[in-house]
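J.: what's the 3D shape of this:
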Amino acid sequence: MFINTNVGAINAHRNLGMNNTQLGKTMEKLSSGFRINRAADDAAGLAISEKMRFQINGLNQASRNAQDGISLLQTAEGALTEVHSMLQRVNTLANQASNGTYQGTDRDKLQAEVNQLVKEINNITNSTKFNGVDLLKTSGADQKINFQVGTESSNVINIDIKDMSTDSMTLTDKSKMLQAQGLKFEGGKFTDLEGNAVKVYKTGSTASADEIKTLDDAFDQAIDIHTSGKAFNAKGATATDTTDAKSALADLGIKLDGTNYKTANGEVLSFVDGTTGAVLTDATAIDTALAGVTGADIAAKVNKAVTDGNLQTGASAKANVTYSSAAKKVTDLDITSEQGAREAIAVVEAAIDQVSSQRANFGAVQNRLEHTINNLGVNSENLSASESRIRNADMAKEMTDLTRNQILVQAGTAMLAQANSAPQSVLKLLG
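T.: This next block holds a predicted model:
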């Protein structure tokens, strides 16, 4: 029997210490709710759960970012709703002003309302902001607003912000610009607004080399426009007088009226040169032209001109016309004249299309953000469940461990007391 080294007490103390440590860890888990409170608890599990926490926190904030993005887009789109409404009103006013029943003073009153609507469109453009961010105004080129919608730097949805001021609402389609100024170009051919075929020449010449056949060439230079009319119908009459063109035309019911020949219906007669396409409406010029037409005598020449369809009614020549290719802005709308009002209709149509396009972009991105929010919510939920399984404590299991460890500690304490008292039996030997 040894009393200097109480092996039983040492063993009981060691086990009691281990049980106390385990009891402390179990109580820590129960009080914190986490299975892993320090790296020593589960180093690999800690690393994985921290990565998951990174994702979860990022996804939750990304969802809030997307919700803020929707609010921004709704603000911008709501403002453009009013811009659309005002442009539609301007369109109504321009259409009204283009009617020939109005005088200049009437159009001036319509123009006054247009001016106020243009100012309000610019006011909305300048004042529409979200948290200080301009939504309908840029400092030059288109700008982007980025929405961070994921845990990686590349998870970005952006929207182009375009300038919606009236200076930026322009008509740039050259075909429509030409039509707004009174001429059409369709299928590679020029026509007037009523659909009549026309030939366009550089001013002062009707030579084929000077005929303008492309849309671009019709702009920014003086041109002559020759409109073909309807072929004159002699209705069974035949020219027989060979004295001169005037007499031969009179046989067809055509009489000289001032400087023009006119039909019995009062329509101005024109001679369209079959070779050059030149439209002649002056009676003297027609006499000269008919004299050059192949034929035995003037009557035969007149009859041939009728047969060939070169004598026409409704034909005309418009000289020294210049069409501008400069973009036309809503800012510069002027409906104080019929021509200006017709141009305004085309410009407003282009502006409405521009606003519609931007509203469509806002709506498309908003729908995308709504789906993004749904996806972020699902991902966050699933990752949170996964992180919980790794990081959180199983309370039922830990309670079981707590009870076991409490019993072990109590038993260990009792055994340590017993071990400490065992050497006292040596005193009996001294009896």
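J.: show me where the protein has its helices.
T.: Ranges of helices in the chain, per DSSP state H, are 7-32, 43-97, 104-127, 174-180, 245-250, 283-291, 298-307, 338-391, 395-421.
J.: just say which of these is most tucked in.
T.: helix 245-250 (a mean of 21; mean count of other Cβ atoms under 10 Å). Yep, even glycine has a C-beta here, placed from its N, CA and C like the rest.
J.: and the contacts of it?
T.: Applying Cβ atoms under 8 Å, 6 or more residues apart in numbering, the contact partners of helix 245-250 are 239-242, 255-256, 261, 269, 283, 286-287, 290-291, 298-299, 301-302.
J.: distance of Trp213 from Asn122?
T.: If you look again at residue 213, you'll see it is Lys, not Trp. Using Cβ to Cβ, to the nearest Å, Lys213 is found at 41 Å from Asn122.
J.: for Val118, list the residues it contacts.
T.: Val90, Thr166, Val330, Thr331, Leu333.
J.: what residues does the third one make contact with?
T.: The neighbourhood of Val330, defined by Cβ under 8 Å, 6+ apart, consists of Leu87, Val90, Val118, Ile121, Thr166, Asp167, Met169, Thr170, Val347, Val348, Ala351.
J.: and if we set it to 7 Å?
T.: Val118, Thr166, Met169, Val347, Val348, Ala351 (Cβ atoms under 7 Å, 6 or more residues apart in numbering).
J.: got it, and the first one?
T.: Residues in contact with Val90, defined by Cβ under 7 Å, 6+ apart, are Val114, Leu117, Leu333, Val348.
J.: how about a cut-off of 6 Å?
T.: Val114, Leu117, Val348 (Cβ atoms under 6 Å, 6 or more residues apart in numbering).
J.: try the second one
T.: If you count contacts by Cβ under 6 Å, 6+ apart, Thr166 has them with Val118, Ile121, Asn122, Val330, Thr331.
J.: does Ser49 touch Ile390 like I think?
T.: Yes. Using Cβ atoms under 6 Å, Ser49 is in contact with Ile390, at 4.7 Å.
J.: what is in contact with these two at once?
T.: With Cβ under 6 Å, 6+ apart, Ser49 and Ile390 have no common neighbours.
J.: of the contacts of Val118, which pair is most distant in space?
T.: Across those, no pair lies farther apart than Val90 and Thr331, at 11.7 Å, counting by Cβ to Cβ.
J.: tell me the pLDDT at the nearest residue to Gly274 once chain neighbours are set aside?
T.: Of all residues not flanking Gly274 in the chain, Asn310 sits nearest, at 5.4 Å (Cβ to Cβ, 6 or more residues apart in numbering). On pLDDT, Asn310 comes in at 83.
J.: give me the distance between Asn310 and Gly229.
T.: 11 Å.
J.: same check on Met415?
T.: Taken as Cβ to Cβ, the span from Met415 to Gly229 is 125 Å.
J.: likewise Ser154?
T.: Separation of Ser154 from Gly229 (Cβ to Cβ): 66 Å.
J.: so which of the two has more stuff around it?
T.: Gly229 (20 against 6; other Cβ atoms under 10 Å).
J.: residue contacts, that one?
T.: Gln312, Thr313, Gly314, Ala315.
J.: list buried residues within those residues.
T.: Gln312, Thr313, Ala315 (16 or more other Cβ atoms under 10 Å).
J.: from those residues, which is closest to Lys202?
T.: Using Cβ to Cβ, the buried ones among the contacts of Gly229 come closest to Lys202 at Ala315, 19.6 Å.
J.: and the closest one, backbone torsions?
T.: phi -80, psi 150 (degrees, to the nearest 10).
J.: 21 is where my numbering starts, stick with that
T.: Okay, using 21 as the starting number, the last item reads as Ala335.
J.: surely it meets Ser290?
T.: Yes. Between Ala335 and Ser290 there is a contact under Cβ under 6 Å: 3.6 Å.
J.: so what sits against both of these two?
T.: Val299.
J.: sorry, back to before: identify, from the contacts of Val110, the entry nearest to Lys255.
T.: For those, with Lys255 as the reference and Cβ to Cβ as the criterion, the closest is Val368, at 46.5 Å.
J.: spatially nearest residue to the closest one, not counting backbone neighbours?
T.: Using Cβ to Cβ, 6+ apart and skipping residues adjacent in sequence, the residue nearest Val368 is Asn111, 4.5 Å away.
J.: how near is that neighbour to Gly215?
T.: 23 Å.
J.: related to what we said a few turns ago, rebuild the contacts of Val110 as TSV, extending it with pLDDT and distance to Thr101.
T.: Converted to TSV, the contacts of Val110 look like this (pLDDT from 0 to 100; distance: Cβ to Cβ, whole Å):
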residue	pLDDT	distance to Thr101
Val134	96	20
Leu137	97	15
Val368	96	17
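J.: could you export the residues you listed to JSON lines, including columns for distance to Tyr221?
T.: Below are the contacts of Val110 laid out as JSON lines (distance: Cβ to Cβ, whole Å):
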{"residue": "Val134", "distance to Tyr221": "36"}
{"residue": "Leu137", "distance to Tyr221": "41"}
{"residue": "Val368", "distance to Tyr221": "32"}
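J.: any idea which of these is closest to Ala32?
T.: Nearest to Ala32 among those is Leu137, at 95.3 Å by Cβ to Cβ.
J.: any low-confidence regions in the chain?
T.: The chain contains residues with pLDDT under 70 at 21-22, 295-297, 312-316, 451.
J.: domain parsing for it?
T.: 71-191+358-401, 202-343 (automatic domain parsing).
J.: end to end, how far does the shortest one reach?
T.: Criterion Cα to Cα, to the nearest Å; first-to-last residue distance in domain 202-343 is 9 Å.
J.: how about the longest one?
T.: In terms of Cα to Cα, the two terminal residues of domain 71-191+358-401 are separated by 15 Å.
J.: sorry, back to before: same list (the contacts of Val138) but as JSON lines, adding distance to Ala442.
T.: What follows is those, written out as JSON lines (distance: Cβ to Cβ, whole Å):
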{"residue": "Val110", "distance to Ala442": "107"}
{"residue": "Thr186", "distance to Ala442": "103"}
{"residue": "Val350", "distance to Ala442": "105"}
{"residue": "Thr351", "distance to Ala442": "106"}
{"residue": "Leu353", "distance to Ala442": "110"}
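J.: and of these, the nearest to Gln81?
T.: Using Cβ to Cβ, those come closest to Gln81 at Thr186, 38.7 Å.
J.: and which of the contacts of Val350 is nearest to Thr342?
T.: Closest to Thr342, out of all of the contacts of Val350 and judged by Cβ to Cβ, is Val367, at 18.7 Å.
J.: cool, thanks, talk later.
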